[in-house]
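Engineer: missing the sequence, but the structure's below:
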C-alpha cells in the first residue's frame, strides 16, 4: 500500500520507448497492493497500471501470473491485460525491479458487498474458473495444508499472546483438516485471494478482477470458500446467509458444483478461514519495521472458523 | 505518502451527489503528500483529486489554502481548482475528515530538474507571486525565525546524536540569522515548499503547481531561496550554478528582484536551508510509529547551509 521504488520521469520516458503506448501524460504512485509498487500511468494513448515487483514476489512466478491475466483478458473475463513491448515482451526490468505494464480497468472496489455484488462475484468466479480450464501452467499452492503447518510451527509458541487458547484451537483444527481435507475435488487455476479489494465494480457489475499474485493450482471450490469468508460476513464477523446464498447460487448456475464439492464446502470454508487466520497471525507476530499498513486482525478469522466449525452441512450456507 | 482514511464506494457516491461532477468511474488512493489522504477520482465528467485532511493540517487554515489555489487557477497559473458543490461550498466533511475535491492536473514530477526545468520554475514562481499580489488573506509563517528557534529548543539536546557538532552549528547559525535576517523586503503570499515533487511538468513546461499546504505570508525572495535549495543541488548535494542561474534569471525576468532582495539572497538561502534542516532533524529524532516514508536526511541541508555560508554575494549564484 505504498510506493517502494520511485521511478523518475526520465526513467519512465526511456522505459515507454520500448512500447507502442505513446508518451506519459500523468504518473501517480497508487496506494494499492501491499507487496509491490504500483503506478497509475496515463499516456497519450491510454491508461495503464505499472507494477514494480518488490522482494516478496518471486520473479520466477511472474510469467505464470501474467499468463493468467492475459488468458482471462483474451477470453473476455475482466482481468487486466499485460501490455507487450515492441519485441512481444510483457515482463521487463525497471529501476532494478521486475516490472510489468497492464491495462487499466475502470470501476471501484467496495468494502460493503451487497447481495447483488455477491451474486455477480459468484458468476464471475465460475466464469473465471471455466476460462482458465485450458490454462496449462501450474503453480503449487504454498498456502494449503502443508504450508499452514509450516507457518504455524513458526508462531505456535507465541500464538497465545494474541489470545489465550489460540495455539490449541489452531492445532486441533489443523489436525481435523489434515484428516478431512478433500483430495478428489475438481482442480484448476484459482485466484486464491478474491477479496472485495481485488474486484472493481461499475454499479453492480464486475469490471475488473485484479491482483493475481496468489493464484495457484488448487481445488476450484476452495476459491469459492475463500470468497465466502471474504465477502459474506458483516463488520462484526457474523455470517450473512443471504449474501452467501447468492454467491453460491450464481457460482453454481455458471459452473455447477459437484455433489462432492457441495458436501465438503464447510471443510473448505474451515480451511480458507485457517489460511487467512494463519497469515494474519504471522504478520501480527512478525511486524515489518516501517510497514505502511496496520496488520489485519487474525481474530476476525477465528470468528469465521468457529462459525464454519458449527455448520452442519453445505445446505446451511444457502438457507 | 499513503491513504490514512478509507472511503467506500457507497460513501463516495453519496458525497458526489452534492456536486455536478457526474458519477465515479474509478477511484484510487494515491501515494502523494505525506500528511493527508489523497484519491485520484475519475467521474463521468472529469478527473479530480479528492483530499481528506488528516490531523497535521489545521482545519482553520484550509480556506486560506483553497483560496490560494482558486485565486491562481482563476488567473491562469497552473494550480488545481477547488471544486465547489451545488451550494458553492468547496470545503466539505467526508468520513469524519475535512475534505476537498480539486481539479486534476496533467503532468509528471521529476526528481531530476534540468536547466530548462529550473528556468520554467523561475518564471512560474514569479508569475505566481504576481498573481497572488491581490490575494488578501494572510497566514503567519510558523516556520520562520521564531519557529526555527522553537523547533530547535525541542531537539537541541539530541542534535549531536545525528552528527557531532550539529547542535553548535545550528545555534551559531540561528544567532547569525537572528541578527541578519532581512526585515524590509517585499512580502506577499508564498508557496514555501516548492520542491520538484510539488511541480508537474509536461515536457519542460510546468502544467501544475500543487500542495499549497505550507503557503503563508512572507518575503517573496524567500520562496525563491527555498527553490534554489530544493532544485539546484545535485545528488551529492553539490551546488549546480547553471541551474540556479536559470532559475534566478527567469524569476527576475518576470518579477525583477529589488537590489535589497539581490543583496540578501545568500542570507535567505541560509534561512531556507535552516528551515528544512530543522524539520528534517526533528522528524529524524521523532520518528512516527508506522510512518510510511523513510525520514529524509537532515545532513543534506547541513551541506546546503555550509555552501551558502561561504557564498560571498548574490552574484555567486548566477555565475
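Structural biologist: Arrived safely. Not measured: the values here are computed from a predicted model.
Engineer: shouldn't residue A:204 be in contact with residue A:123?
Structural biologist: No - assessed by C-beta atoms under 8 Å, residue A:204 is found out of contact with residue A:123, at 11.1 Å. In short, each C-beta sits where N, CA and C put it, glycine included.
Engineer: now the helix or strand hosting residue A:27 against strand B:24-30, angle please.
Structural biologist: Assigned by DSSP states H and E, residue A:27 belongs to strand A:24-30. Strand A:24-30 and strand B:24-30 meet at an angle of 60 degrees, taking axes from the mean of the first three to the mean of the last three C-alpha atoms, to 10 degrees as the criterion.
Engineer: how deep is the residue lying closest to residue A:206 once chain neighbours are set aside tucked in, by neighbour count?
Structural biologist: Closest residue to residue A:206 apart from its sequence neighbours, by C-beta to C-beta, 6 or more residues apart in numbering or on different chains: residue A:124 at 4.8 Å. Neighbourhood size, residue A:124 [other C-beta atoms under 10 Å in any protein chain shown]: 22.
Engineer: now residue A:124: how far from chain B?
Structural biologist: Distance, residue A:124 to chain B, by C-beta to the nearest C-beta, to the nearest Å: 17 Å.
Engineer: also residue A:39?
Structural biologist: Taken as C-beta to the nearest C-beta, the span from residue A:39 to chain B is 9 Å.
Engineer: ok, the strand holding residue A:27 near chain B or not?
Structural biologist: Yes - for strand A:24-30, a contact with chain B is found by C-beta under 8 Å from any C-beta of the partner chain, at A:24, A:25, A:26, A:27, A:28, A:29, A:30.
Engineer: what separates that strand from the chain centre, distance-wise?
Structural biologist: From the chain centre to the centre of strand A:24-30 is a distance of 25 Å (C-alpha atoms, centre = their mean, to the nearest Å).
Engineer: buried set for it?
Structural biologist: Residues of strand A:24-30 classed as buried: A:24, A:25, A:26, A:27, A:28, A:29, A:30 (neighbour count, 16 or more other C-beta atoms under 10 Å in any protein chain shown).
Engineer: right, and the helix or strand after that strand?
Structural biologist: strand A:37-43.
Engineer: ok so, going back, the residue nearest to residue A:206 sits in which helix or strand?
Structural biologist: According to DSSP H and E, residue A:124 maps onto helix A:115-131.
Engineer: as a markdown table, the buried residues of strand A:24-30 with pLDDT would be great.
Structural biologist: Below are the buried residues of strand A:24-30 laid out as a markdown table (pLDDT from 0 to 100):
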| residue | pLDDT |
| --- | --- |
| A:24 | 97 |
| A:25 | 96 |
| A:26 | 96 |
| A:27 | 96 |
| A:28 | 93 |
| A:29 | 92 |
| A:30 | 91 |
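Engineer: who does the strand holding residue A:27 touch, helix- and strand-wise?
Structural biologist: With contacts defined as 3 or more C-beta pairs under 8 Å, 6 or more residues apart in numbering or on different chains; DSSP states H and E, strand A:24-30 has these neighbours: helix A:9-16, strand A:37-43, strand B:24-30.
Engineer: off-centre distance for the helix or strand harbouring residue A:269?
Structural biologist: Applying DSSP H and E as the criterion places residue A:269 in helix A:259-285. Its chain's C-alpha centre and that of helix A:259-285 lie 14 Å apart, by C-alpha atoms, centre = their mean.
Engineer: before we move on, the earlier item: hmm, the residue nearest to residue A:206 is touching residue A:77, no?
Structural biologist: Yes - using C-beta under 8 Å, residue A:124 makes contact with residue A:77 at a distance of 7.3 Å.
Engineer: hey, what's in contact with both of these two?
Structural biologist: Both residue A:124 and residue A:77 are contacted by residue A:209, under the criterion C-beta atoms under 8 Å, 6 or more residues apart in numbering or on different chains.
Engineer: ok, residues contacting the helix holding residue A:124?
Structural biologist: Residues contacting helix A:115-131 (C-beta under 8 Å, 6+ apart): A:71-72, A:75-79, A:110, A:113, A:188-191, A:194, A:199, A:201, A:204-206, A:209, A:220, A:223-224, A:227, A:231-232, A:242-244, A:246-255.
Engineer: of these, which belong to helices?
Structural biologist: A:71-72, A:220, A:223-224, A:227, A:231, A:242-244, A:246-254 (DSSP state H).
Engineer: compare neighbour counts for residue A:204 and residue A:123 and give me the winner.
Structural biologist: Set residue A:204 next to residue A:123 and count neighbours by other C-beta under 10 Å: residue A:123 wins out with 20 against 14.
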